[in-house]
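Enquirer: Pasting a predicted model and its sequence here:
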Amino acid sequence: MLSKQDIYLHLFLLCFLRKYVAVTVTVDDVDVAEGSEARITCNIVPASSGAVPVVTWYNVTNAANDLIANYQGGFGLVEPGYSERFSVENDITLVITNTHRSDSGTYQCSANLVGDSPSVDDDICTLTVNYFSSGNVITINVNSNTTAYNVIITCFPGTVDGNPVPDINLYKDTTIINTQKTLPLTYTIATVSDDDSGDYRCEASNSVGSVTSNTITLDYYKPRYETTEPDTLKPGKIGMIAVENVEVNPERVTYIWSIDGVVDPNANSASFTFTGSMVVGTVHTISVNVTNLIGSTSKTIRIAVSERSNSNTGLIIGMLFVGIFIGAVGLYIGQIIHNKIRKKSLSEKQNTDKRKQDTYMDYVGESRGQNQTYQDLQHRVEESAYVNVKAGNKNKKGKM
């Protein structure tokens, strides 16, 4: 409940303010992205509803007012130095198109009500033009993707500039795991674990824009491997098991071997040797455990002691079958070659006999009534076969 004194004081202040504050001006701060439109509105409360104020806009630089525009009742002028991108709407709104980062600063609106006293009021505001620029993309690097300790991921700087100052973020998959305002950014994994596997990238960003680096992948997993071992072992002989084709990240691993349930404290490499029992039928159980920081992989191998190694028997049988096969193939090929040679010899012999017979018959036919000699027959150019004929008259008996 107000007292009479409070009521009188309130009425006095209203009358005083009504008399001496004819116009009230307020301007709110404005944030815009570079290249967009900025609108700065001057809120004017006149003393009388019919008064039309003269509204003047200034750019305040180093405490000096640089005139931008003067407007009253929808009419006015924008100064030539601002007319390309600055305009005024409804006297009270200053519009800046395609804002530049250089437009950031302080602006003043002044309202003058002619006939009111006092008739002038003004207010200032701050225009902030936000921007983002990157001359070169940022990059990400890791000192090693196979080591187990002190893995260092680094975001290297490009030329990044912006308002507000960009945040430098390091992402693992879709989660930000580190952030700062400056480059380079470094992130260290002291001891790797399975949770550290994933895709890593760097990003510089603010409310206006962003730029992202390339992506690196860290893939950590427990050991994967194969073993080689004999099927069986002769009594008292030495057997060996080897771990091969190991795939693991990080690369640092340890080996633990045991035989028949007893761990061998001296066996800590990728191979294991042991002496088989002298008792035929004994089955040795050998286990190997390969471990890195991510986890362990175990394998159990059973080797029986027998009089003859299964692997040697199989080798002997295999060699026997190979020998039989090679011998059969060789015999078959030899038979084919022999038959071809034999057929060729028979054919040549038959051709030679035929030529001899034809030559002799020709000689007998042509020599009737003539004294042909052996030399005559021998020098027949068209024939290559010869008949043993004695020189002399054809009526004489010749030896064949």
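Expert: Now that the structure is in, tell me what you want to look at.
Enquirer: From now on I want contacts and neighbour counts done on CA atoms only, so please keep to that.
Expert: OK.
Enquirer: list the helices and strands the one helix or strand Val129 maps to packs on?
Expert: Using DSSP states H and E, Val129 falls within strand 120-134. With contacts taken as 3 or more Cα pairs under 8 Å, 6 or more residues apart in numbering; DSSP states H and E, strand 120-134 sits against strand 23-27, strand 30-33, strand 105-112, strand 160-163.
Enquirer: so which helix or strand takes in Asn178?
Expert: Per DSSP H and E, the secondary structure element for Asn178 is strand 175-180.
Enquirer: can you give me the offset of that strand from its chain's centre?
Expert: Chain-centre distance of strand 175-180: 22 Å, with Cα atoms, centre = their mean, to the nearest Å.
Enquirer: Now do the phi/psi pair for Tyr82.
Expert: Per-residue torsions, Tyr82: phi -120, psi -10 (degrees, to the nearest 10).
Enquirer: Not counting its neighbours along the chain, what's nearest it?
Expert: Nearest residue to Tyr82, sequence neighbours excluded (Cα to Cα, 6 or more residues apart in numbering): Ile68, at 6.5 Å.
Enquirer: how close does the one you found get to Ile294?
Expert: Applying Cα to Cα, to the nearest Å, the value for Ile68 to Ile294 is 68 Å.
Enquirer: Neighbour count: the two, which is higher?
Expert: The neighbour count for Ile68 versus Ile294, taken as other Cα atoms under 10 Å, is higher for Ile68 (22 against 18).
Enquirer: returning to what we had before: now the strand holding Val129 against strand 105-112, angle please.
Expert: Interaxial angle, strand 120-134 versus strand 105-112 (axes from the mean of the first three to the mean of the last three Cα atoms, to 10 degrees): 160 degrees.
Enquirer: For strand 120-134, what does the pLDDT average out to?
Expert: Mean pLDDT, computed over strand 120-134, is 92.
Enquirer: Off-centre distance for it?
Expert: For strand 120-134, the distance to the chain centre is 44 Å (Cα atoms, centre = their mean).
Enquirer: For the protein, just list every one of the helices.
Expert: For the chain, the helices defined by DSSP state H occupy 4-20, 310-366, 374-378.
Enquirer: where are the low-confidence patches of the protein?
Expert: 1-23, 46-50, 114-119, 308-318, 347-400 (pLDDT under 70).
Enquirer: Show me the chain divided up by domain.
Expert: For the chain, automatic domain parsing gives the domain ranges 18-130, 135-219, 223-308, 314-400.
Enquirer: Let me see the contact set for the residue nearest to Leu218 when sequence neighbours are not counted.
Expert: Closest residue to Leu218 apart from its sequence neighbours, by Cα to Cα, 6+ apart: Ser197 at 5.0 Å. Counting by Cα atoms under 8 Å, 6 or more residues apart in numbering, Ser197 makes contact with Thr217, Leu218, Asp219, Tyr220.
Enquirer: What subset of these is buried?
Expert: Taking 16 or more other Cα atoms under 10 Å as the criterion, what is buried in those is Leu218, Asp219, Tyr220.
Enquirer: Distance to Cys155 for those - can I get that in JSON lines?
Expert: Shown next, in JSON lines, are these (distance: Cα to Cα, whole Å):
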{"residue": "Leu218", "distance to Cys155": "15"}
{"residue": "Asp219", "distance to Cys155": "19"}
{"residue": "Tyr220", "distance to Cys155": "21"}
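Enquirer: which residues does Pro230 contact?
Expert: Gly239, Met240, Ile241, Ile303, Ser311.
Enquirer: Listing partners with orientation, what would you give for the strand holding Val129?
Expert: Strand 120-134 has these partner strands in its sheet, going by DSSP bridges: strand 30-33 (parallel), strand 105-112 (antiparallel), strand 160-163 (antiparallel).
Enquirer: Quick one: residues in contact with the longest one.
Expert: Read it as strand 105-112. 23, 25, 27, 42, 44, 53-61, 119-128.
Enquirer: now it against strand 23-27, angle please.
Expert: On the basis of the same axes, to 10 degrees, strand 105-112 is oriented at 160 degrees to strand 23-27.
Enquirer: Flag every buried residue along strand 105-112.
Expert: By neighbour count with 16+ other Cα under 10 Å, strand 105-112 contains the buried residues Thr106, Tyr107, Gln108, Cys109, Ser110, Ala111, Asn112.
Enquirer: related to what we said a few turns ago, let's see which of the buried ones among the contacts of Ser197 end up in strands.
Expert: Cross-referencing these against strands under DSSP state E gives Leu218.
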